[in-house]
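Student: Mind folding the following:
(one chain, ligands or ions: 2)
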Amino acid sequence: MTQTRTGQSFTGTDYQRLARELVDPDVWDFIEGGAEAERTVAANLAAFDRVRLRPRVLAGVSEVDTSVELFGTRYATPLGVAPTAYHRLVDAEGEVATARGAGAAGALFVVGMFASRTLEEIAEASSSELWIQLYWLRRRDVMAALLRRAERCGYGAVMLTVDVPRMGRRWRDMRNGFAIGGDVAAVNIDAGVMASAHERAAGGSALVRHTAQQFDAGVTWDDLAWLRAQTRLPLVLKGILTAEDARLAVRHGADAIVVSNHGGRQLDGAVASLDVLAEVADAAGGRPVLFDGGVRRGVDALAALALGARMVLLGRPPLWGLAAGGADGVAGLLRTTTEELAHAMALAGRPTLGDLDRSVVRMSTIAGGA
Ligand SMILES: Cc1cc2nc3c(=O)[nH]c(=O)nc-3n(C[C@H](O)[C@H](O)[C@H](O)COP(=O)(O)O)c2cc1C
Ligand SMILES: CCCCCCC(=O)C(=O)O
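Tutor: Residues are numbered from 1 along each chain as shown. Ligands and ions are numbered 1, 2, ... in the order given. Next up is the predicted model:
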């Protein structure tokens with residue numbers, strides 16, 4: 001699924017529109033929604049509206065190369081699939097289809113701790129690199145067991161999400177009394193640990209109750225030593241928004257950092273990811289910096305790569321692709337966005353990702369400003 005009825009390539013917004021028609025309204029709210037007034041959701045998008053590009057000319061752009069290397073693996077595209085929970089909410093094959101789609105596009109897929117297909121099934125279906133994402137649960141034995149399984153089936157890194165000591169107050173989910181329903185489940189985790197995610201109650205989100213019960217809000221930087229000791233895989237911390245925390249992450253053994261505000265789903269009012277990318281990249285001591293939040297077009301990815309990201313992750317867009325067209329939809333979404341990026345690189349006179357630096361971007365103070 002990569003073309004409209006008139007033969008044009010789908011863009012991200014085409015996938016979004018199609019997905020909206022197909023997905024159950026409560027699930028749509030879960031995907032699209034953010035915390036509280038959704039100011040940070042809006043800020044992530046608005047930051048890209050303030051990007052102005054400084055193109056160079058006569059740069060020899062007959063070949064454009066979007067490939068990138070990270071932890072010894074080369075990817076065809078610097079776009080990757082961010083960890084998102086429960087892909088079977090939008091497609092019967094769930095993460096297996098996402099893995100096939102990401103593989104077809106040569107993209108990294110970060111499999112969520114709350115995946116709705118087993119780590120082994122996903123690995124079997126994948127032809128590109130997989131990483132595993134973890135939240136810090138009270139049950140460290142569950143985290144350790146997941147890590148061992150991920151290592152056994154060849155996952156290449158562990159991404160610890162550090163911005164969810166408790167669940168953001170997502171009013172859409174709370175008003176919908178959202179709970180994970182039907183036969184969808186986080187199949188890699190003990191059913192007892194996950195039970196509260198399925199308990200529907202009027203006027204509240206089961207995800208909030210589940211997080212309060214099962215996530216460990218007491219962890220500190222010192223606890224990272226425990227996780228480090230569990231695995232030889234590279235450790236990537238997701239959810240860093242300040243130079244201070246970037247320095248602490250490096251000091252406590254992070255091999256890479258993801259600049260992210262969780263797609264505006266956690267602290268409403270938090271800075272737009274793009275606005276702090278350069279600050280965090282400067283503080284990361286040479287460690288690779290990944291980025292997510294509000295990337296919808298290739299030109300957005302170009303700006304994030306220029307401001308210091310080695311790789312750019314997409315959260316909601318691959319779910320739109322998955323809902324609209326399964327594995328083909330995920331591949332189509334990633335390919336289209338990569339083609340947009342390659343096009344922008346050519347027109348900006350930067351034919352390789354190595355040519356992208358801060359001189360590409362000038363941030364306007366107002367959306368749509370000069
Ligand atoms: C439906 C949904 C589920 C998510 N689940 C997770 C998750 O399980 N783990 C995690 O670290 N981040 C999760 N995220 C956050 C994404 O990894 C990512 O940070 C965010 O979506 C990026 O913003 P974008 O959607 O604007 O691209 C989720 C996001 C969405 C939209
Ligand atoms: C019951 C598990 C909670 C899923 C959390 C997924 C997530 O991080 C999100 O942003 O939503």
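Student: Could you report the neighbour count for the closest residue to residue 119 other than its chain neighbours?
Tutor: The spatial neighbour of residue 119 that comes closest, neighbours along the chain excluded (Cβ to Cβ, 6 or more residues apart in numbering), is residue 149 at 5.2 Å. C-betas here are computed from N, CA, C, even on glycine. Neighbours of residue 149 under the rule other Cβ atoms under 10 Å: 16.
Student: From ligand 2, how far out is residue 149?
Tutor: Look at residue 149 and ligand 2: by Cβ to the nearest ligand atom, to the nearest Å, they are 18 Å apart.
Student: Verify the assumption that that residue is located in a strand.
Tutor: No. Assigned with DSSP: H, G, I helix; E, B strand; the rest coil, residue 149 falls outside any strand and is helix.
Student: got a list of what it touches?
Tutor: 119-120, 188 (Cβ atoms under 8 Å, 6 or more residues apart in numbering).
Student: Now do residue 76 against residue 107, distance only.
Tutor: Using Cβ to Cβ, to the nearest Å, one obtains 7 Å as the distance from residue 76 to residue 107.
Student: Give me the more crowded residue out of these two.
Tutor: Legend: neighbour count by other Cβ under 10 Å for residue 76 and residue 107, higher for residue 107 (28 against 17).
Student: residues contacting that one?
Tutor: With contact taken as Cβ under 8 Å, 6+ apart, residue 107 is in contact with 75-77, 79-81, 128, 334.
Student: where's it relative to residue 339, distance?
Tutor: Between residue 107 and residue 339 the distance, using Cβ to Cβ, works out to 13 Å.
Student: helices or strands next to the host helix or strand of residue 40 in the packing?
Tutor: Residue 40 is part of helix 39-49, with elements assigned from DSSP states H and E. Helices and strands in packing contact with helix 39-49 are listed as helix 273-283, helix 298-306; criterion 3 or more Cβ pairs under 8 Å, 6 or more residues apart in numbering; DSSP states H and E.
Student: Is ligand 2 within reach of that helix?
Tutor: No. When contact is scored as Cβ under 6 Å from any ligand atom, no part of helix 39-49 falls within range of ligand 2; the minimum is 11.5 Å.
Student: Look at the one residue in the stretch 1-150 of the chain that gets nearest to ligand 2 and tell me its secondary structure.
Tutor: Per Cβ to the nearest ligand atom, the residue of the stretch 1-150 of the chain with the smallest distance to ligand 2 is residue 85, at 3.9 Å. State at residue 85, reduced to three classes by three-state DSSP: coil.
Student: now that we're looking at it, how far away is residue 207 from it?
Tutor: Noted for residue 85: a distance of 9 Å to residue 207, by Cβ to Cβ.
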